[in-house]
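A.B. asks: pasting a predicted model and its sequence here:
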Amino acid sequence: MSMRPTFLLKCQGGSAAVEMALVTPLLLTLLFGSFELGNYFLDSHVVAKAARDGARYASRQSFTNYPCAGVSNNNAPIGTVVGYTQNLVRTGQITGGTARLPSWSDPNTVVVRYDCVSATSVTPSYSGIYNGLNYLPIVKVEISYGDPKLQYQSLFGKAGFNAINLSLVARSQAAVMGI
């Protein structure tokens, strides 16, 4: 019994399996890549919100924690402002708490500084609680702009897919209200 070559050319029984074998790696890469990208954006959002929370908290501390005798930049606040703000940014509480992200163990990734700006250089001019002040403190909360950096922790890190040198960064500032 001889097999005719035209029969082999017309047989399409295995073509679906071959197509699936070729397309599956691409689909899995897109699927897992989407999960990883979504996780990165979620972590970025958490860090940005944490920086805003920290700036809001630090801006409501007393003016005595932010002495301004002249125009200056990158001053360190006095008292417990730095420690409490770092913990609030990292955990959501001023003392204790669990880190907002599993990899966020180092409070030194959060830097709290303030600038003193001239009250006359601001338009419109300040009034209310700023009346009589010649220099106004502006508090800044920065995450991972120096060392150490807050490293992004991959969803699939345990499987060996690590995002090396990918840091989460955020920055926020607010005028000190001294409330």
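C.D. replies: Arrived safely.

A.B. asks: which other helices and strands contact the longest helix belonging to the chain?
C.D. replies: Counting by DSSP state H, the longest helix found in the chain is helix 15-59. Packing partners of helix 15-59 (3 or more Cβ pairs under 8 Å, 6 or more residues apart in numbering; DSSP states H and E): helix 81-91, strand 110-118, strand 135-143, strand 170-175. Every C-beta, even on glycine, is put in place using the N, C-alpha and C of the backbone.

A.B. asks: okay, these, which one's buried deepest?
C.D. replies: Among the helices and strands packed on helix 15-59, strand 135-143 has the highest mean neighbour count (mean count of other Cβ atoms under 10 Å), at a mean of 23.

A.B. asks: residues in contact with that one?
C.D. replies: Contacts to strand 135-143, defined as Cβ atoms under 8 Å, 6 or more residues apart in numbering, come from residues 47, 50-51, 54-55, 58-59, 63, 66, 68-71, 77, 85, 89, 109-119, 122, 126, 130, 150, 168-176.

A.B. asks: what does stretch 32-52 give?
C.D. replies: If you take Cβ under 8 Å, 6+ apart as the criterion, stretch 32-52 is touched by 89-90, 92, 100-101, 141-144, 150, 152-156, 161, 163, 166, 168-172.

A.B. asks: and if we set it to 7 Å?
C.D. replies: By Cβ atoms under 7 Å, 6 or more residues apart in numbering, the residues outside stretch 32-52 that reach it are 89, 100-101, 141, 143, 150, 152, 154-156, 168, 170-172.

A.B. asks: which one of those residues is nearest to residue 23?
C.D. replies: residue 156 (21.1 Å; Cβ to Cβ).

A.B. asks: any idea how far the residue positioned nearest the centre of the chain is from residue 74?
C.D. replies: Central residue of the chain (Cα atoms, centre = their mean): residue 47, 2.9 Å from the mean position. To residue 74, residue 47 is 21 Å away according to Cβ to Cβ, to the nearest Å.

A.B. asks: before we move on, what about residue 85?
C.D. replies: Noted for residue 85: a distance of 15 Å to residue 74, by Cβ to Cβ.

A.B. asks: re the thing from before, may I see the helices and strands packed on helix 15-59 arranged in TSV, with mean pLDDT and distance to residue 41 as well?
C.D. replies: Below are the helices and strands packed on helix 15-59 laid out as TSV (pLDDT from 0 to 100; distance: least, Cβ to Cβ, whole Å):
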stretch	mean pLDDT	distance to residue 41
helix 81-91	97	19
strand 110-118	95	21
strand 135-143	95	16
strand 170-175	96	13
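
A.B. asks: for the ones you listed, give me CSV that also has distance to residue 39.
C.D. replies: Compiled in CSV, these are given as follows (distance: least, Cβ to Cβ, whole Å):
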stretch, distance to residue 39
helix 81-91, 19
strand 110-118, 21
strand 135-143, 18
strand 170-175, 16
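
A.B. asks: nice, that's everything, thank you.
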